[in-house]
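Participant: Pasting the sequence and the predicted model now:
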Amino acid sequence: MFISFEGIEGCGKTTQVELLAQFLSRRGISYMITREPGGTRLGKIIRKMLLDPDHNEMEPLTELFLYAADRAQHIAQVVRPALEARQWLICDRFADATAAYQGYGRGQDLTLIQQLNHWATGGLWPQLSLLLDCPVKIGLDRARKRMMDNSLDGLEDRFEQHSLAFHEKVREGYLKLAAQYPNRFEILDATLGIERVHEQIVILLEPHLTEKS
């Protein structure tokens, strides 16, 4: 079972990934947690370049190609081997994030992004993509609070520094993707309490729990 978690900054993806991992452990289901970008050794280097706030001179096309490079390595080194080993794979963002952020947010050509994703993934997509949806202001407020709580002195990465309008476009893009691929996407209200969102995720996964793959 290949599951991706998607959503804007501060939507609660990482928390829900951790809760799902704990749940699968209790059920005795073998799983792996990964993320994009940064799911491999090379990917960590790419992630650092992409999120570094000092790299504001990065061209949008350069950014797009870096995400595609990270994804190709991730598929070859992590995703495909995990699925072949019949593990559940939980991914914190996948190729939909590129369409949402670089396509709808940055205005990069969506057809080009679709082609790059096709080549990078080899046609391998999640069976279920969970979109944690919340208003942009709520998400960004959460993200900033998280950074302050982690003693990061309010330092924001390149994406959290963008305008409210940029993040609105990203959210709108995610909702369009969910409408475009209704058989794969499930939209969850991320403004609900953490436990309530987790309960809804478990309900969605119940039909797959006996498969253990």
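Facilitator: Looks like it arrived, so ask away.
Participant: longest helix anywhere in the protein?
Facilitator: helix 164-180 (DSSP state H).
Participant: show me where this structure has helices.
Facilitator: Using DSSP H, helices in the chain cover 13-26, 41-51, 60-74, 80-84, 95-98, 110-121, 136-149, 164-180, 194-205.
Participant: what's the most buried one of the ones you listed?
Facilitator: Stretch with highest mean neighbour count among the helices of the chain: helix 95-98 (a mean of 26; mean count of other CB atoms under 10 Å). Glycine gets a C-beta too; all of them are placed from N, C-alpha and C.
Participant: hey, which helix or strand in this structure has the poorest pLDDT?
Facilitator: One helix or strand of the chain scores below all others by mean pLDDT, DSSP states H and E: helix 136-149, with a mean of 80.
Participant: what's the residue nearest the centre of the chain sitting at in phi/psi?
Facilitator: Nearest residue to the geometric centre of the chain (CA atoms, centre = their mean): Arg93, 1.4 Å. When read as degrees, to the nearest 10, the backbone of Arg93 gives phi 70, psi 140.
Participant: Was I right to think it contacts Ser4?
Facilitator: Yes - Arg93 lies in contact with Ser4 (CB atoms under 8 Å); the separation is 6.8 Å.
Participant: rewinding a little: and the least confident helix or strand of the chain, what does it pack against?
Facilitator: Under the contact criterion of 3 or more CB pairs under 8 Å, 6 or more residues apart in numbering; DSSP states H and E, helix 136-149 touches helix 164-180.
Participant: and the helix it packs on with helix 136-149, angle?
Facilitator: 110 degrees (axes from the mean of the first three to the mean of the last three CA atoms, to 10 degrees).
Participant: any idea of the mean pLDDT in helix 164-180?
Facilitator: In this model, helix 164-180 carries a mean pLDDT of 96.
Participant: cool, and stretch 45-56?
Facilitator: For stretch 45-56, mean pLDDT is 89.
Participant: And stretch 78-85, by the same measure?
Facilitator: Average pLDDT, stretch 78-85: 96.
Participant: so how far is it from its chain's centroid?
Facilitator: Relative to its parent chain, stretch 78-85 has a centroid offset of 18 Å by CA atoms, centre = their mean, to the nearest Å.
Participant: C-alpha coordinates for the least confident helix or strand of the chain, PDB please?
Facilitator: Written as PDB, here are the backbone C-alpha positions of helix 136-149 (Å, rounded to 0.1, in the frame of the first residue of the first chain):
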ATOM      1  CA  VAL A 136      -4.000  29.200   4.200                       C
ATOM      2  CA  LYS A 137      -3.800  31.700   7.200                       C
ATOM      3  CA  ILE A 138      -4.400  28.800   9.600                       C
ATOM      4  CA  GLY A 139      -1.700  26.700   8.000                       C
ATOM      5  CA  LEU A 140       0.900  29.500   7.900                       C
ATOM      6  CA  ASP A 141       0.100  30.500  11.500                       C
ATOM      7  CA  ARG A 142       0.600  26.900  12.600                       C
ATOM      8  CA  ALA A 143       3.900  26.600  10.600                       C
ATOM      9  CA  ARG A 144       5.300  29.800  12.200                       C
ATOM     10  CA  LYS A 145       4.300  28.700  15.700                       C
ATOM     11  CA  ARG A 146       6.000  25.300  15.100                       C
ATOM     12  CA  MET A 147       9.200  27.100  14.100                       C
ATOM     13  CA  MET A 148       9.100  29.300  17.200                       C
ATOM     14  CA  ASP A 149       8.400  26.300  19.400                       C
END
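Participant: Having no further points to raise, I will conclude here.
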